[in-house]
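> Sharing a sequence plus its predicted fold:
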Amino acid sequence: MNTELTFSIKSLRFDENYNPSESTRITTNFANLARGEKRQDNLRNALVMIDNRFNSLAHWDNPNSDRYSVELEIISVELNIDIQGKGNAFPVIEILKTNIVDKKTNERIEGILGNNFSSYVRDYDFSILLSEHNKNQSKFSLPDNFGSLHGNIFKRFLDSDTYKNNFNKTPVICLSVSSKNTYYRTGNEHPVLGVEYQQDEFSLTDEYFAKMGLRARYFMPANSVAPLAFYFMGDLLSDYTNLELISTISTMETFQRIYRPEIYNANSAAGKCYQPSLNHQDYSLTLIVYDREERSQLAVEQGKFTEEYFIKPYQTILEQWSANSVL
């Protein structure tokens, strides 16, 4: 059987008029903001928070803290499965690209690709596969090759002509730290990323992202209250400019302040030894409406969708394709 798998991308501006496309995971940070009666207020307030945070970090030659603004672009990646001339496309990856507008010089500066990361296959792995594997088990364990297909999809995308023709650098993905781990402040401090932390053991997310070829470092930027997890290839500190790094920090810290206020909008900053907790009570809420419980329920629904329309119909093809990955 003649089968070809290729990638294609679509781009959509994320601004106060944004409406999620039908193929966007509705649990995705940016898509979740664009729902309900307060959708436009949510989007406008989030974008203002991002710009304000960017200017507070890019404070040099910026006396009024208003020199820069951040533009966000949603990059949707589809895997096209062509079987003997009959094609079908499934949305496999959705990430954000930042662009920086310098209002002093009227220059538009390319930012970082990655930032937020979402994937239907990850929903399937964590909400369906992992749950089924551990049902009625006395001890938690991972299924064989857990995350391998997802990781190989990501690595194949980065190695594709589609990626190379559109992007100059590898992605940096920025997530919340794990509430199951303890983080320890080191003596290392970066002028933009801030104080570095190290953890006592790898989290499940760390292991999952390692299958994607990414490793993590943890930094708490100036005037932040908790470290962020940065997943990357290469050298995080030298491969990206200060403005590129600030665009990721300002974007993802804003999302985390909205979605995990117990950690990222806490009223006191992380100490030398820090264990994040979603049960922390001393925190402030943003003005942005968000239903975390609904988001968890939707992750299960979207995992089932992936199983029905992607995993089951193409399982043999995907396993062979993934096994042949030599990246």
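That came in fine, so what should we check first? Values in this document were obtained by computation on a predicted structure and should not be read as measured data.
> Tell me if residue 121 really is in a helix.
Yes. Remark: residue 121 belongs to a helix, assigned using DSSP: H, G, I helix; E, B strand; the rest coil.
> Let me know the distance separating it from residue 181.
Remark: distance between residue 121 and residue 181 (Cβ to Cβ, to the nearest Å) = 24 Å. (C-beta placed from N, C-alpha, C; glycine too.)
> One more: residue 90?
Per Cβ to Cβ, residue 90 is found 33 Å from residue 181.
> now swap in residue 305 and tell me
In terms of Cβ to Cβ, residue 305 sits 30 Å off from residue 181.
> One more: residue 130?
In this structure, residue 130 and residue 181 are separated by 18 Å, where distance is defined by Cβ to Cβ.
> end-to-end on stretch 187-199?
14 Å (Cα to Cα, to the nearest Å).
> Give me the residues contacting it.
The set of residues external to stretch 187-199 that reach it, using Cβ atoms under 8 Å, 6 or more residues apart in numbering, is 57, 177-178, 181-186, 217-222, 224, 227, 230, 236-237, 242, 245-246, 249, 270, 274.
> Let me see the ranges of the helices in the stretch 101-250 of the chain.
Assigned by DSSP state H, counting those that start in this stretch, the helices in the stretch 101-250 of the chain fall at 120-123, 130-133, 148-159, 161-164, 204-210, 242-259.
> Now render these as JSON lines, adding distance to residue 41.
As requested, these are exported to JSON lines (distance: least, Cβ to Cβ, whole Å):
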{"stretch": "helix 120-123", "distance to residue 41": "28"}
{"stretch": "helix 130-133", "distance to residue 41": "35"}
{"stretch": "helix 148-159", "distance to residue 41": "34"}
{"stretch": "helix 161-164", "distance to residue 41": "35"}
{"stretch": "helix 204-210", "distance to residue 41": "31"}
{"stretch": "helix 242-259", "distance to residue 41": "13"}
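> quick one, strands of the chain?
Listed from the start of the chain, the chain has strands (DSSP state E) covering 3-14, 68-83, 86-102, 107-118, 172-176, 183-190, 194-199, 215-220, 228-232, 273-274.
> So which of those is nearest residue 166?
Judged by Cβ to Cβ, the one of these that comes nearest to residue 166 is strand 3-14, at 6.4 Å.
> Which strands or helices does that closest one pack on?
Using 3 or more Cβ pairs under 8 Å, 6 or more residues apart in numbering; DSSP states H and E, the elements in contact with strand 3-14 are strand 68-83, strand 86-102, helix 148-159, helix 161-164, helix 312-323.
> rerun that using 6 Å as the cut-off
Taking 3 or more Cβ pairs under 6 Å, 6 or more residues apart in numbering; DSSP states H and E as the contact definition, the neighbouring helices and strands of strand 3-14 are strand 68-83.
> who does the strand it packs on pair up with?
strand 3-14 (antiparallel), strand 86-102 (antiparallel) (DSSP bridges).
> Can you say which of these is nearest to residue 117?
Of all the strands paired with strand 68-83, it is strand 86-102 that lies closest to residue 117, at 5.4 Å by Cβ to Cβ.
> And the contacts of the closest one?
Judged by Cβ atoms under 6 Å, 6 or more residues apart in numbering, the contacts made with strand 86-102 from elsewhere in the structure are 23, 68-73, 75-81, 108-109, 111-119, 153, 243, 247, 251, 310.
> circling back: of residue 305 and residue 181, who's got more company?
In this view residue 305 and residue 181 are compared by other Cβ atoms under 10 Å, and residue 181 has more residues nearby, 19 against 15.
> Verify the stated contact: the more buried one with residue 203.
Yes. With contact defined as Cβ atoms under 6 Å, residue 181 reaches residue 203; the gap is 5.4 Å.
> how about low-confidence regions in the stretch 151-300 of the chain?
Low-confidence segments of the stretch 151-300 of the chain, defined by pLDDT under 70, span residues 289-296.
> Now residue 108: closest residue in space, sequence neighbours ignored.
Of all residues not flanking residue 108 in the chain, residue 101 sits nearest, at 5.6 Å (Cβ to Cβ, 6 or more residues apart in numbering).
> give me the beta-bridge partners of that neighbour?
As for beta bridges, residue 101 partners with residue 69, residue 108 under DSSP bridges.
> can you start the count at 205 instead of 1 from here on
Yes, from this point I'll number from 205; that puts the last item at residue 305.
> tell me, how many neighbours does it end up with?
The local packing of residue 305 (other Cβ under 10 Å) involves 15 other residues.
> Any chance of the helices of the stretch 305-454 of the chain in CSV with mean neighbour count and distance to residue 395 as columns?
Compiled in CSV, the helices of the stretch 305-454 of the chain are given as follows (neighbours: other Cβ atoms under 10 Å; distance: least, Cβ to Cβ, whole Å):
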stretch, mean neighbour count, distance to residue 395
helix 324-327, 24, 33
helix 334-337, 14, 39
helix 352-363, 20, 28
helix 365-368, 13, 30
helix 408-414, 18, 25
helix 446-463, 24, 7
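> Out of the ones you listed, the one nearest residue 252 is which?
Using Cβ to Cβ as the measure, helix 446-463 is the one of these that comes nearest residue 252, at 9.3 Å.
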